[in-house]
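[1] Predicted structure and sequence below. I'll ask about it afterward.
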Amino acid sequence: PEWPCTTTGHIHAFLARMRIVHGHSGAQVAYLSSLREVSVVDVRQMDMVNRQLLKIPVTIEPQFIALGAMHCAVGINNRVYYHRCLPKDTTLVDEQEYVGRVEKVCINERYAAVLAQGTVILHEIEAGHNGSRQRRTFPDTADGDTGRATCVAVTPTLMVYGTDQGAVEFFLLDSKEWAMLSGATLRHSTPIKALYPNPSGTRVVIVDSSNNAYLGNPVTAEMTPFPQFPTQSVKHVMWDINDSNVVMVWDSRDIHTYVYAPTTRWGPMVSKLGPVEISAGGEISMRPESTPLPANHWPIVATSGVITCQDSSGNLQNMDAPTYGSADQRSNKQHLQFTQKLALLQLKEAWNAALVLDGRAYWLALSNKAMEVMDINMAIRVYRELGDAGMVMGLERIMHYEDKNLLAGHIALLYDDYNKAQELFLASTRPVTALEMRRDLLHWDQALKLAHTLAPQQVPDISVQFARQMEFKGEYESALEKFESALNTLTNEEEAAGAGM
């Protein structure tokens, strides 16, 4: 601030720049609107004239702000003040002093999780009817936990924290079952630097101390890497509130946009977005790109592709997420819409754009993407539009498979990728499908290898078929060996059966 003096002896303070401090919960954003006031607004109403703005008077100039469904927390050093955040109630309901400097505060409707000096303190914000509050610290040495907590996050039902031992732990925030979810722990070889869970806590972006990022699934323990992740330190990661598979990363200069595909022919995948090109044959190519954010803008939350930022004056600004497309594509809005929706895996919207464009290349591109993410119903619709009856019939035969590996294996088979199909079939709940595929393809040598482990009773018949194939090729000695092997196997089986009688 500047401090000009007057001839009357008064000193006037003018704030030249507001501290950039904010927090958010869903689409609600709390930000420092003056030195002793926090404002809360729904970013979906930012452009509305009669938008509702809740103002919370505070007693300090906060260094950090956290927002939950019913409370707003402001703090400085090792003290945190908890206010109600309701239209007619901004009462200060609690004041806590923690051991050590507070590094981060996260709150939901009922609980606060505070990171201070390598420890996470989890407690109720307001006392219950009996005057007591649930409280616990992590890592808990009583449970055998070791290491120091390095980051923390909360969702409506979960508290998630990472450690310098590379563990990501999940704690259930339920009044009836307040417990650690030990089976959901994610293990990593490098210390955890930051965590950004999606609103439900079913997926979490994990940034490690080496500045590599992964998308963790606590149900399957899968850690899917982010490709082309920013090399400089990441400042913030946002899950788009309305598009659950879009993740935006800010590295203090650029916005990097990623899309997460939980199910593809190759398993879960994260792709970095950029301009999309479609060839005449429907092949899709995407060149990953980042987009600079205006200087002195700090992104807070993303909603349907609109990023809400706080600028250096302390105000909130909305801006559209990067539009990916080359200059010639931007002149064709329908083409750009199709490529964007295709990249974002919004296949229904891409279908609508393809109906308007009505070009064979667009239909082929949409069919390729539908097959990639194993959206069989959409693929059938597209192939009908293309007039490919063979693919339609093939897809209708497999559309009811629930096993993802089995389904992916049949898709690989449709693309004549037999080795990949075998790999997927063997990982499915019906591995004998791999043997059936090799038999149908007359790949007798590989079928014989599979039969020894998957279906020993088929070994004699496959050996005979293999021998006939060798005989046709003129490999008589090898054919004789296979005939003898089949005969010996049958003899041994008959002897074993006789001994059993």
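    Alright, I've got the coordinates.
[2] Every contact and neighbour count from this point should use C-alpha atoms.
    Will do.
[3] Give me the pLDDT for the residue lying closest to Asp243 once chain neighbours are set aside.
    Once flanking residues are discounted, Asp243 sits nearest to Ser304: 6.2 Å by C-alpha to C-alpha, 6 or more residues apart in numbering. We have a pLDDT of 87 for Ser304.
[4] Number of residues surrounding Ser304?
    14 (other C-alpha atoms under 10 Å).
[5] residue contacts, it?
    Contacts for Ser304 (C-alpha atoms under 8 Å, 6 or more residues apart in numbering) come out as Asp240, Ile241, Asn242, Asp243.
[6] Pull out the buried members of these.
    Neighbour counting over the contacts of Ser304 (16 or more other C-alpha atoms under 10 Å) leaves Asp240, Ile241 as the buried ones.
[7] Of the contacts of Ser304, which is the nearest to Gly394?
    For the contacts of Ser304, the residue nearest Gly394 by C-alpha to C-alpha is Asp243; the value is 31.6 Å.
[8] Would you report the backbone torsion angles of the closest one?
    As for Asp243, its main-chain torsions (degrees, to the nearest 10) stand at phi -120, psi 90.
[9] the helices in the protein, which residues?
    327-330, 333-343, 347-357, 360-372, 376-386, 389-398, 404-414, 418-426, 432-440, 444-454, 459-473, 476-500 (DSSP state H).
[10] Out of those, which is closest to Pro57?
    Of all the helices of the chain, helix 333-343 comes closest under C-alpha to C-alpha, at 43.1 Å.
[11] Identify each buried residue in the closest one, please.
    For helix 333-343, the buried set under the neighbour-count rule, 16+ other C-alpha under 10 Å, comprises Gln334, His335, Leu336, Gln337, Phe338, Thr339, Gln340, Lys341, Leu342, Ala343.
[12] and what of stretch 187-200?
    Quick answer for stretch 187-200 (16+ other C-alpha under 10 Å): Arg187, His188, Thr190, Pro191, Ile192, Lys193, Ala194, Leu195, Tyr196, Pro197, Asn198, Pro199.
[13] Please enumerate residues in contact with it?
    Stretch 187-200 is contacted from outside by 26, 150-157, 160-168, 203-210, 237-239, 241, 244, using C-alpha under 8 Å, 6+ apart.
[14] which residues touch Pro225?
    Asn212, Ala213, Tyr214, Leu215, Met269, Val270.
[15] Please apply the same query to Phe64.
    Here Phe64 is in contact with Val21, His22, Gly23, Val74, Gly75, Ile76, Lys104 (criterion: C-alpha under 8 Å, 6+ apart).
[16] I figured the last one was touching Leu115, is that so?
    So the one you mean is Lys104. Yes - using C-alpha atoms under 8 Å, Lys104 and Leu115 qualify as a contacting pair, with a distance of 5.2 Å.
[17] hmm, back to that, and Gln310, which of the helices of the chain is closest to it?
    Among these, if distance is taken as C-alpha to C-alpha, the winner is helix 333-343, at 26.7 Å.
[18] who are the neighbours of the closest one, in terms of helices and strands?
    When contacts are defined as 3 or more C-alpha pairs under 8 Å, 6 or more residues apart in numbering; DSSP states H and E, helix 333-343 packs onto strand 276-278, helix 327-330, helix 347-357.
[19] Alpha carbons of that helix, in CSV - could you do that?
    What follows is helix 333-343, C-alpha atoms only, in CSV (Å, rounded to 0.1, in the frame of the first residue of the first chain):
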residue,chain,number,x,y,z
LYS,A,333,-17.1,-24.0,-36.7
GLN,A,334,-18.8,-27.3,-37.3
HIS,A,335,-15.5,-29.0,-38.1
LEU,A,336,-13.9,-27.5,-35.0
GLN,A,337,-16.8,-28.6,-32.9
PHE,A,338,-16.5,-32.1,-34.2
THR,A,339,-12.8,-32.3,-33.5
GLN,A,340,-13.2,-30.8,-30.0
LYS,A,341,-15.9,-33.2,-29.0
LEU,A,342,-14.0,-36.1,-30.4
ALA,A,343,-10.9,-35.1,-28.4
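[20] Listing request: residues of the stretch 351-500 of the chain with sub-threshold pLDDT.
    486, 489-500 (pLDDT under 70).
[21] ok, 90 please
    Applying pLDDT under 90 to the stretch 351-500 of the chain flags the ranges 442, 444-445, 448, 452, 455-500.
[22] coming back round to it: which of the contacts of Phe64 sit farthest apart?
    For those, the maximum inter-member distance is 14.5 Å, found between Gly23 and Ile76 (C-alpha to C-alpha).
[23] How many neighbouring residues does the residue nearest to Gln458 when sequence neighbours are not counted have?
    Excluding its sequence neighbours, the residue lying closest to Gln458 (C-alpha to C-alpha, 6+ apart) is Ala451, at 6.3 Å. Neighbour count of Ala451, defined by other C-alpha under 10 Å: 22.
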